[in-house]
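Quick one, structure for this:
(one chain, ligands or ions: 1)
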Amino acid sequence: MKILFESKIFDGRGFKNFLLVENGKVVSLQQERVKDYDKFVDLKERYIYPSFFDSHTHLVWYGLNLLRCDLNGVVSVGEIIERIDEYLKVNSDTNFVIAEGYDETKFEKEEKLNRKILDRHFKNIPIVVRRVCGHIAVFNSEALKFLKRSNYIEDLKGDGILKEGVVLKLNKIFKPSKDELIKAFRVAQEKFLSLGITSISDMATFDSLEIYKGIDTILDIFFYYPWENEKELTGWSDRKKIKLKGLKVFTDGSIGAYTAALYNNYKNGLKGKIFIKKSDFKKIVLKAKEKGYQLAIHSIGDRATDFVLENLDEPKGHRIEHFEIASKGQIKKVQEKGIYLSMQPNFIGNWALKGQMYEKRLNKKYFEFNNVFGYILKKRIPLGFGSDCMPPSPLYGLNSLNIAEFEDQRIPLLDGFRCYTEGSAEIVGEEKRLGKLSKGFNADFIVTDKKIDDIGVKIVETYKEGKVVFKLKKERV
Ligand SMILES: [Zn+2]
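Model prediction:
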């Protein structure tokens with residue numbers, strides 16, 4: 001069936017009036033109305049843009065968060081306790097609570113959650129409170145006992161604050177049921193579609209793999225799997241919309257947890273660390289070559305990035321994730337070696353403004369030269385934009401580009417939009433099918449009430465392969 005849309009349709013440069021779609025693909029974009037179609041959709045008052053491709057998400061994890069106790073936006077330890085209390089009232093049958101998403105750099109005053117405080121309020125149930133970055137969490141005594149019983153820790157002393165290791169494996173330790181995982185997948189997908197996202201690069205884990213084998217998706221999913229668990233991929237075969245792209249490798253941690261590996265110390269004297277042995281890294285690179293995997297290498301600090309640049313043999317076409325603190329020299333090397341970048345514009349709005357985390361924790365040089373999208377785009381390095389689910393909204397991320405403090409961080413919003421669509425498609429090798437509205441491409445698009453770079457723009461509808469998959473509910477007047 002041929003469907004003709006009339007709207008103001010963004011073709012990457014300007015606007016066309018008509019978009020013809022057949023079998024989920026773009027047939028043509030024209031200024032004049034064609035005669036040969038079966039159905040007409042009038043969106044004259046609206047705009048049509050390619051939909052978003054989030055280049056770094058954790059879909060199922062995010063869905064679990066939506067089902068879990070959500071700590072986004074809390075401004076005090078007291079509020080964390082309140083939210084957990086409320087959650088327990090509604091979910092009285094739960095055996096444990098994982099509360100996610102607090103960010104102490106957004107607290108009204110300086111205070112620190114610890115095991116003692118949690119114990120005072122929650123004695124009989126394991127409680128884990130994980131920071132927004134996912135790399136650090138606070139455990140109450142019951143949760144620590146659970147960790148010890150499962151042999152994840154050796155002793156029960158300390159303030160209950162743990163980093164990396166077990167914290168990254170919470171879903172493995174406190175295992176959700178398959179039903180919960182499916183539910184998590186569904187709510188996350190629905191949320192993503194409502195935000196105009198129709199394709200993702202997913203940093204998956206064993207629980208996602210479990211359901212990716214059977215579930216039908218609307219999103220196009222390209223997933224990366226932890227290198228340590230590569231064996232679990234045995235027997236995987238790509239499905240129409242879920243494709244295995246490669247392996248995820250951590251080389252360092254996060255700035256939020258003081259574990260991103262830097263040359264110049266954090267203000268508290270720490271300098272982060274490289275998590276992976278050189279020999280392991282080399283092995284992964286060989287494995288990637290042997291099996292045709294693309295590597296998605298998490299590297300946030302400049303010291304971690306040097307480790308990657310030194311040890312990544314045949315670097316062309318692999319990806320570095322985040323790349324927040326990098327020198328001009330490193331950016332030049334990334335360009336020369338043909339490495340792709342996957343970065344998060346929302347990190348600017350979250351942490352890179354004056355008075356925020358980067359300035360509080362990092363030296364001046366890093367504060368003035370982080371997440372330098374403007375500088376990177378000038379070097380013509382393939383750059384995909386994603387959210388890392390902090391939060392997943394691309395419009396929120398793109399907005400950050402307008403408020404960035406420094407010239408090297410800034411890019412025009414439309415360039416950012418291209419990173420969030422064409423760029424993300426390019427870094428997974430889908431630049432001939434996704435991320436653009438052009439002949440032969442997937443008819444994946446959003447309908448907006450204003451131009452994408454207008455303030456307050458809303459996503460009114462999302463289309464995947466020519467079909468509506470999200471419609472904004474009419475606001476009550
Ligand atoms: Zn991530």
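
For the rest of this, base every contact and every neighbour count on C-alpha atoms.
Noted.

Let me know the secondary structure of residue 19.
Recorded secondary structure, residue 19: strand (DSSP: H, G, I helix; E, B strand; the rest coil).

That one: neighbour count?
Other residues lying near residue 19 total 29 when counted by other C-alpha atoms under 10 Å.

do the one 5 residues further on as well
Burial of residue 24 is recorded as 19 neighbouring residues (other C-alpha under 10 Å).

Assess the claim that it and residue 443 are in contact.
Yes - contact between residue 24 and residue 443 holds when scored by C-alpha atoms under 8 Å: they sit 5.5 Å apart.

Overlap in contacts, those two.
Common contacts of residue 24 and residue 443, defined by C-alpha atoms under 8 Å, 6 or more residues apart in numbering, comprise 464-466.

Redo those as CSV? Include neighbour count, pLDDT and secondary structure.
Shown next, in CSV, are these (neighbours: other C-alpha atoms under 10 Å; pLDDT from 0 to 100; DSSP: H, G, I helix; E, B strand; the rest coil):
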residue, neighbour count, pLDDT, secondary structure
464, 24, 98, strand
465, 19, 98, coil
466, 21, 97, coil
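
got any ranges where this structure has weak pLDDT?
Per-residue confidence for the chain (pLDDT under 70) gives these ranges: 475-477.

does the residue sitting nearest the centre point of it count as helix, strand or coil?
Central residue of the chain (C-alpha atoms, centre = their mean): residue 388, 2.0 Å from the mean position. Following three-state DSSP, we place residue 388 in the coil state.

residue contacts, it?
By C-alpha under 8 Å, 6+ apart, the neighbours of residue 388 are 56-58, 344.

With neighbour count and secondary structure added, can I get those in CSV?
As requested, those are exported to CSV (neighbours: other C-alpha atoms under 10 Å; DSSP: H, G, I helix; E, B strand; the rest coil):
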residue, neighbour count, secondary structure
56, 27, strand
57, 21, strand
58, 20, coil
344, 28, coil
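
I figured residue 265 hits residue 362, correct?
Yes - counting by C-alpha under 8 Å, residue 362 is a contact partner of residue 265 at 7.5 Å.

Which of these two has more residues huddled nearby?
The residue with more neighbours, out of residue 265 and residue 362, is residue 362; 19 against 15, by other C-alpha under 10 Å.

Farthest-apart pair in the contacts of residue 388, please.
Largest separation among the contacts of residue 388 by C-alpha to C-alpha: 58 and 344, giving 13.5 Å.

List the buried residues of stretch 374-387.
Residues of stretch 374-387 classed as buried by neighbour count (16 or more other C-alpha atoms under 10 Å): 374-377, 381-387.

List the buried residues in the host helix or strand of residue 83.
Per DSSP states H and E, residue 83 falls inside helix 77-90. By 16+ other C-alpha under 10 Å, the buried positions in helix 77-90 come out as 77, 80-81, 83-84, 87.

again with stretch 29-41
By neighbour count with 16+ other C-alpha under 10 Å, stretch 29-41 contains the buried residues residue 29.

Output it as PDB - backbone C-alpha positions only.
These are the backbone C-alpha positions of stretch 29-41, laid out as PDB (Å, rounded to 0.1, in the frame of the first residue of the first chain):
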ATOM      1  CA  LEU A  29      10.000  13.100  -1.300                       C
ATOM      2  CA  GLN A  30       8.600  15.800  -3.400                       C
ATOM      3  CA  GLN A  31       7.600  19.400  -3.600                       C
ATOM      4  CA  GLU A  32       4.500  18.500  -5.700                       C
ATOM      5  CA  ARG A  33       1.700  16.100  -5.000                       C
ATOM      6  CA  VAL A  34       1.900  12.700  -6.800                       C
ATOM      7  CA  LYS A  35      -1.200  11.000  -8.100                       C
ATOM      8  CA  ASP A  36      -0.400   7.400  -7.500                       C
ATOM      9  CA  TYR A  37      -1.200   6.400  -3.800                       C
ATOM     10  CA  ASP A  38      -3.700   4.400  -1.800                       C
ATOM     11  CA  LYS A  39      -4.000   6.400   1.400                       C
ATOM     12  CA  PHE A  40      -3.500  10.100   2.200                       C
ATOM     13  CA  VAL A  41      -2.400  11.400   5.600                       C
END
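
what sits up against it?
Contacting residues not belonging to stretch 29-41 are listed as 1-6, 11, 16-20, 438-439 [C-alpha under 8 Å, 6+ apart].

Just put these in CSV and tack on secondary structure and distance to residue 274.
CSV is the format used below for the contacts of stretch 29-41 (DSSP: H, G, I helix; E, B strand; the rest coil; distance: C-alpha to C-alpha, whole Å):
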residue, secondary structure, distance to residue 274
1, coil, 54
2, strand, 54
3, strand, 53
4, strand, 53
5, strand, 52
6, strand, 53
11, coil, 43
16, strand, 50
17, strand, 52
18, strand, 52
19, strand, 50
20, strand, 51
438, coil, 43
439, coil, 45
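
Just give me the closest of those residues to residue 198.
Closest to residue 198, out of all of the contacts of stretch 29-41 and judged by C-alpha to C-alpha, is residue 438, at 16.4 Å.

Can you show me the strands along the stretch 1-150 of the chain?
Per DSSP state E, counting those that start in this stretch, the stretch 1-150 of the chain carries strands over the ranges 2-10, 15-22, 25-30, 39-50, 52-57, 69-70, 97-102, 127-131, 136-139.

And for the stretch 151-300 of the chain?
Using DSSP E, counting those that start in this stretch, strands in the stretch 151-300 of the chain cover 161-163, 197-203, 220-226, 242-250, 294-299.

Many thanks, I have nothing further to ask.
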